[in-house]
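A.B. asks: The amino acid sequence is not available; the structure is as follows:
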């Protein structure tokens, strides 16, 4: 064998040996990392036993409240963790509480262990460094999450692992097809309908979440989704951009339910008014809420849900843990459970809650596999929420 051939053959052997050793080393490293992650999570589970997680979440839905009662019973039996639902009207109340605890230097033993948030409240908590984490990718059930969903941003704000996706929300409308067979398919048509049939339409009173969402969806249509809506509010141009919104509402309120002098307190009251025959459209942020409401006798079987032709204002809603949570381990265990195929399948069950899942459908069972979703319209930048609410209150709050 020539010397050059011998060296080439030796080089191949050495390269093969090095590659084999590298592969073996890498495999061992991955096993070690996996083992470490498993041990770390098991430590979290052990630490969580006996903890009570004070979960601040909207309390305006019987279906959601019952679902959380079920989740609590499961967490108690499986992990020894108690999930205490602290019902709030607006999670901004919780944000204010956490800011006060931060200002007082209360960096441990906080009064809030877990929050249901998105949008402006997430940005406010993130900007004020009120959140624990990043923690999401360390949850064992993270593997089931559908990564094609926009779970890495919340109203255009990067989530950075500080909140875990919980469900998909879409602003849609419920009507009774026996009483209103051809509902308005745009906000322009809605105004025409309101003028033709006065005292039959309304929306929840801002700053209630559904009411503000209605205003944002309306503004998007009236401005043809102006590019500035995806940027932080510019005070100089705010009046010009929103002028069509206030002009629309000035006309709408004159012919709205109770002359625009009174508004439903939220989606629950809207659904009740629809069921009572006082209004013709109810608003919800869950395309499948109609099914659970029917199953619980709160809506007639002839009711159905639809979205405007342009699509439905859509977002992911999330779960997060405050930086000073007293039961951060329990909160992680609770969130991990709520991301399990079992919990997500029950949450997506149209006879229970019907909230569209954030898991890949192959991991779901029952009706949760086929929960209804409409064409999506992205949320504006979170700064628009407060700006619109404040201007609405100034104009119509009294």
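C.D. replies: Received, thanks. A quick note: this is a predicted structure, and the numbers were derived from the prediction, not measured. Numbering: from 1, shown residues only.

A.B. asks: you'd agree residue 46 is in a helix?
C.D. replies: Yes: counting by DSSP: H, G, I helix; E, B strand; the rest coil, residue 46 is part of a helix.

A.B. asks: got a list of what it touches?
C.D. replies: Taking C-beta atoms under 8 Å, 6 or more residues apart in numbering, we find residue 46 in contact with no residue. No exception for glycine: its C-beta is placed from N, CA and C like everyone else's.

A.B. asks: Per-residue pLDDT of it, please?
C.D. replies: If you check residue 46, the pLDDT there is 98.

A.B. asks: Number the residues from 56 up from this point.
C.D. replies: Yes, from this point I'll number from 56; that puts the last item at residue 101.

A.B. asks: Distance of it relative to residue 135?
C.D. replies: 10 Å (C-beta to C-beta, to the nearest Å).

A.B. asks: now swap in residue 324 and tell me
C.D. replies: From residue 324 to residue 135 the distance is 38 Å (C-beta to C-beta).

A.B. asks: What of residue 172?
C.D. replies: Residue 172 is 26 Å from residue 135, by C-beta to C-beta.

A.B. asks: Which of the two has more residues huddled nearby?
C.D. replies: Comparing residue 172 with residue 135 by other C-beta atoms under 10 Å, the one with more neighbours is residue 172, at 26 against 15.

A.B. asks: Ramachandran angles for the more buried one?
C.D. replies: phi -140, psi 170 (degrees, to the nearest 10).

A.B. asks: Please apply the same query to residue 107.
C.D. replies: phi -110, psi 120.

A.B. asks: Residue 332 now?
C.D. replies: Torsion angles at residue 332 (phi, psi; degrees, to the nearest 10) stand at phi 80, psi 10.

A.B. asks: Mind jotting down where the strands sit in the stretch 256-405 of the chain?
C.D. replies: Taking DSSP state E, counting those that start in this stretch, the strands of the stretch 256-405 of the chain run over residues 337-339, 358-361, 367-375.

A.B. asks: Any idea which of those strands gets closest to residue 159?
C.D. replies: Proximity to residue 159 (C-beta to C-beta) singles out strand 367-375 among the strands of the stretch 256-405 of the chain, at 20.5 Å.

A.B. asks: low pLDDT regions in the chain?
C.D. replies: 56-92 (pLDDT under 70).

A.B. asks: Show me the residue sitting in the middle of it in space.
C.D. replies: residue 372 (1.1 Å; C-alpha atoms, centre = their mean).

A.B. asks: Spatially, what comes nearest to that one if we skip its sequence neighbours?
C.D. replies: Distance criterion C-beta to C-beta, 6 or more residues apart in numbering; nearest residue to residue 372, sequence neighbours excluded, is residue 173 at 4.7 Å.

A.B. asks: so what's that neighbour up against?
C.D. replies: Neighbours of residue 173 in contact, by C-beta under 8 Å, 6+ apart: 209-210, 218, 224, 370-373.
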